[in-house]
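1. I would like the atomic coordinates for the input below:
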Amino acid sequence: MGGWTQALADNLGGTEAGLKLILGQLAGYPILLLYRKLLSNKDPNLQHVYFTLTGLFLGYWVIGPCVTHGIYAIIFTYLLLVIAGGSFLSVVVSFVFHITYLLTGYWFTAGEDYDISWTMPQCVLCLRLIGLTVDVYDGFQQKLNKKSLTPEQEKNCLVEIPSIIEMLSHSFFIGGYFVGPQFSMKKFKSFATPDYHRTLPSSPSRFGFRRLLIGIAYLLGHVIGSQFYPEDWPDQLEFAATSYPAKLIGLMFWVKIILAKYVSIWLMAEGVCVVSGLSYVGKDEAGVPDWTGCRNVKLRRLETASQFGHYIEAFNINTNGWAAYYVYKRLKFLNNKLISQVATLVFLAIWHGWYIGYYLTFVNEFIVMKFESEFFKIWTQSSKVTKWRHHPSFQTLTSIFGWLYVHFFLAHCFLPFPLKTAHRILKAYGSLYFVHLIFYLGWPVWAVPLKQYLHYSRGPKAQGGGGDEKAKRRTSSKDDNQNQKNDIAAPAPTKQE
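-> As a prediction, the model looks like this:
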């Protein structure tokens, strides 16, 4: 550490680790443009060597010698697959090993303030290697019974154990190494072949650089906004001294400024995957190439969200897809959606680390999604709402009020995540009089007069009571299989995953 990067970070008012992360991610653009120009039509093994070496070099430059932790995890997984790949035991051992390794890393690197360390790419690698083990297991199950897998599992399963160079390449591919996104080994192996690139309908560079520019805009918004509302603002004396109305309004700006950091780095990483060609998922109904296979955020849905369900659908969607596919759906044998959702959220909370703030964020999310599920059941079955829908301003007004509702309570639900520790969280919540808990946990009380006012009935859903909205959500959710939500509440923002 030190040198020109430290001097530049000081001048910009940031940290050297953060600057190196951004520069390391940006380096992926020329690296993969060079790859497409010179190597995309070469032997797959040569391509895998290129991805491995470039990823290792940039990883070492960003996080130093600790890049070896990723190598250890990959070698362990490779040996596990060679010895027991395809067995249920291999899945259990892989899961326990990678989660334990990650949690141990969190324990030794933890601090009250967020810091970029080797655990950041390791949390991405943890999911990737667990997913790889499951895909091999599915492939071996398919050999035993061709009808045992779902179409989604057939798309991702591996009937052969990948080579060590393929695993290193898959893990250190610079488009997904630092902050994601997740993509299956089967998709990646197909990508690293000359045939794949010959079938691309056009150059992806324009779309990729557009995502980069949007990401830079979000980053600038975060940097400038943080001068007024820093990440630890709810823990500062200035926050405690601020009037209550100013706190509530200021938090609406604060949360957008903080989340812009995650959006920006995800967009930069997505752009790298797009430029490489990896994100191609075919053509849409109009015959236009679709480059959104590695998308981790839906910007239009995110910025116009009028329900928390919209926000969850649009934010960190790639990790949501991983959790839905590898955890939630694997718990189908429990025959209970609620238990599967809770188990998946607990897994994601553990994956984030030890801090109670992560767990409280997921508790908040569960409470909010439970509330919205019950509220919209009343709303869509209200005879009074059915009449309101015929008014020309209904959609506009409900969208405005919904947007205000989401962005008012978003900060309160997200607040534990950046503050992390119990004493900081309780101090901030105390100064806010726990307004979000009063609202959401008080729902059973104020739901009674609301039902009476809206003329709620338990009969069939009122005409027009949400069908259009669901259709819109299905349309806007058209993604690569790995980006599907699949009825699970989504995780909170990860440590740049």
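2. Please list all residues in contact with Trp388.
-> Phe394 (Cβ atoms under 8 Å, 6 or more residues apart in numbering). The C-beta positions use only the backbone N, C-alpha and C, and glycine is treated the same way.
3. where does the stretch 101-250 of the chain dip in pLDDT?
-> 111-115 (pLDDT under 70).
4. quick one, helices of it?
-> 119-144, 151-156, 164-172, 185-191, 194-198, 205-226, 237-241, 244-276 (DSSP state H, counting those that start in this stretch).
5. Which of those helices sits closest to Ala7?
-> helix 205-226 (17.2 Å; Cβ to Cβ).
6. Compute the inter-axis angle for that closest one and helix 244-276.
-> 160 degrees (axes from the mean of the first three to the mean of the last three Cα atoms, to 10 degrees).
7. what sits up against helix 205-226?
-> With Cβ under 8 Å, 6+ apart as the test, helix 205-226 has contacts from 12-14, 22, 26, 29, 33, 253, 256-258, 260-261, 263-268, 270-275, 291, 299.
8. now with 7 Å?
-> With Cβ atoms under 7 Å, 6 or more residues apart in numbering as the test, helix 205-226 has contacts from 29, 253, 257, 260-261, 263-264, 267-268, 270-271, 274-275, 291.
9. Could you do stretch 134-148 as well?
-> So stretch 134-148 is contacted by 81, 85-86, 88, 90-91, 149, 153-154, 156-159, 161, 184-186, 326 (Cβ under 7 Å, 6+ apart).
10. any idea of the pLDDT on the residue positioned nearest the centre of the chain?
-> The C-alpha lying nearest the average C-alpha coordinate of the chain belongs to Asn316 (Cα atoms, centre = their mean; 2.3 Å). We note a pLDDT of 90 for Asn316 in this prediction.
11. same thing with Ser383?
-> 88.
12. Not counting sequence-adjacent ones, nearest residue to it?
-> Excluding the flanking residues, the one nearest Ser383 by Cβ to Cβ, 6 or more residues apart in numbering is His455, at 4.6 Å.
13. quick revisit: please check the contacts of stretch 134-148 and keep the buried ones.
-> 81, 85-86, 90-91, 149, 153, 156-158, 161, 184-186, 326 (16 or more other Cβ atoms under 10 Å).
14. I'd like to know which of these is nearest to His170.
-> When these are ranked by distance to His170 (Cβ to Cβ), Met185 comes first, at 5.4 Å.
15. ok, that closest one to Val134 distance?
-> Met185 is 11 Å from Val134, where distance means Cβ to Cβ, to the nearest Å.
16. can you check Trp443 too?
-> 37 Å.
17. of these two, who's got more company?
-> Val134 (22 against 14; other Cβ atoms under 10 Å).
18. Flag the shaky bits of the stretch 351-497 of the chain, pLDDT-wise.
-> In the stretch 351-497 of the chain, residues with pLDDT under 70: 457-497.
19. Find the nearest non-adjacent residue to Met252, please.
-> Nearest to Met252 is His407, by Cβ to Cβ, 6+ apart, at 5.1 Å.
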